[in-house]
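Q: I'll drop the sequence and a predicted model, then ask my questions.
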Amino acid sequence: MKSVRFNLASVALAILTGVTSVAASAATTVATQQNRTVVFNESVGLDGIAQVKGRIGVVGTTGNTITDSLLGQNVTNAASVFSVQPISLSSASLSTVEIQSLAQSWFANRISALSNQVVAHLNSVGADSAWLDYQQTVKSKGKTKYIVFSVSILKSGKMTWSGVNVVDSAPTTVYTVYTNKTVAAGLPQNWQYPDAGTLKYDTRNLNFLVVTPQTVIQTNGAYDEPASGVSAITDPDAGLKCLIDSQSSPNCPTAFPDVKKLIKTTDSIRTVVDYVRKVQPDYTQQPDGTQAAKMAIDIYERTIQLPACCCQDTGQTYINRQRYGFSLITIIDRYLVNADGSYVLVNRYSGHSVSPTIDQTKSVAITRAQFGLLPGQIINPEDGKMDLVDVSTYPLGMIVNLAPITYR
């Protein structure tokens, strides 16, 4: 039996008395299990000279957007791992169709040879997958064109490539996030996860920098995972498949754009889809045999405000901005989708977020003598209490995020 219990009596009282009617803040998924990825980019200019760059780390999600802030380690001599010989065109008067036909044949014969050396590199550095992007600038009847393609290779050796495209402008990627509307059993159904049921997308260049503003569409759960137990043959990816291609099943909704359409309407070459699966509470077993939903605290900003006169020992203020609520297990699957609708799972992020949330800002006066202890202390989140509490006194995992201290 699962029952919703709380570790802090005052938190329970606040929730039960309706404080949660306050709009929930956007959740940040604090990932605890992330697959390491290597990202390579090869860019070839009109002079035929190729530049290859590579980085390794984690591409994660923070709040409502993708971030590569953890993808910071450069790959030494990246060209030795990923380098494709550029195509040399016989004439600058070839049409786009002629260039694409020649390039498709040229690169198809060379892509398969990449797999072994990339897989060997993934195993040597402990990475799980690689994204490979290629861009070559050429001339066609006096106009600048771009030969582009993308390849995804898993350490198992499975390879997916987009095929060659010849485009008129610098290639872009559609970055798409879909968040399931339905929450798993155990949470009140009227407590929705932030962004539940929304489809968000923008376009990015090959360095994944934003090119166009984000568009948000409320689909009301159109692409959700099917309810479990409905049928023995229920496909858990039915919603995902409809999101990618609405023509994949007669049961797919058609009121909203699918990924294939987004690629076409934005003149992009592919899509990266983050599919936020159904969230579920994190439970702990109780002595009486029931399971209680864990509470969680997210301290997302900690500041020490200094007095105007730096030499005095009074006037310092310690400020915490934090939110607390349920600890929710969140799984985000990332897919690379080509223009033809073919797709591959390239990563999975499993972590915890806090929702529904109660936000608060608390501040207490401190002295300089306390500065050394503050990295391990927060202001008590219980209502009406303003004492400093050691983070070590909280159960393991209850504090899902502890921001570093900044000064102002």
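A: Right, received. Where do you want to start? Numbering: from 1, shown residues only.

Q: Chain neighbours aside, what residue packs nearest to residue 300?
A: residue 403 (5.4 Å; C-beta to C-beta, 6 or more residues apart in numbering). From N, CA and C alone the C-beta is placed, and that goes for glycine too.

Q: got the phi/psi numbers for the one you found?
A: phi -70, psi 150 (degrees, to the nearest 10).

Q: ok, it - contacts?
A: Shown in contact with residue 403 (C-beta atoms under 8 Å, 6 or more residues apart in numbering): 299, 300, 301, 302.

Q: quick check, the third one in a helix?
A: No - read with DSSP: H, G, I helix; E, B strand; the rest coil, residue 301 is strand and lies in no helix.

Q: what pLDDT does it get?
A: Confidence at residue 301, expressed as pLDDT, is 93.

Q: which residues sit in contact with the closest residue to it other than its chain neighbours?
A: In space, and not counting its chain neighbours, residue 301 is closest to residue 321: 3.9 Å by C-beta to C-beta, 6+ apart. For residue 321, the contact set (C-beta under 8 Å, 6+ apart) comprises 299, 300, 301, 302, 359, 360, 361.

Q: Could you tell me which of these count as buried?
A: 299, 300, 302 (16 or more other C-beta atoms under 10 Å).

Q: now, among these, which is nearest to residue 397?
A: Ranked by distance to residue 397 (C-beta to C-beta), the buried ones among the contacts of residue 321 are led by residue 299 at 14.1 Å.

Q: how near is that closest one to residue 372?
A: 18 Å (C-beta to C-beta, to the nearest Å).

Q: Same check on residue 178?
A: Note on residue 178: its distance to residue 372, by C-beta to C-beta, is 46 Å.

Q: now swap in residue 320 and tell me
A: For residue 320, the distance to residue 372 - C-beta to C-beta - is 17 Å.

Q: same thing with residue 216?
A: Residue 216 sits 45 Å away from residue 372, going by C-beta to C-beta.

Q: just residue 262 next, same as before
A: 52 Å.

Q: Next: residue 116.
A: The gap separating residue 116 from residue 372 is 54 Å, by C-beta to C-beta.

Q: higher neighbour count, these two?
A: residue 116 (11 against 8; other C-beta atoms under 10 Å).

Q: my guess is the more buried one is in a helix, correct?
A: Yes - the assignment for residue 116 is a helix, going by three-state DSSP.

Q: Quick one: residues in contact with stretch 202-216.
A: Surrounding stretch 202-216, the residues in contact under the criterion C-beta under 8 Å, 6+ apart are 41, 43, 64-66, 68, 133, 135, 170-175, 198-201, 266, 268.
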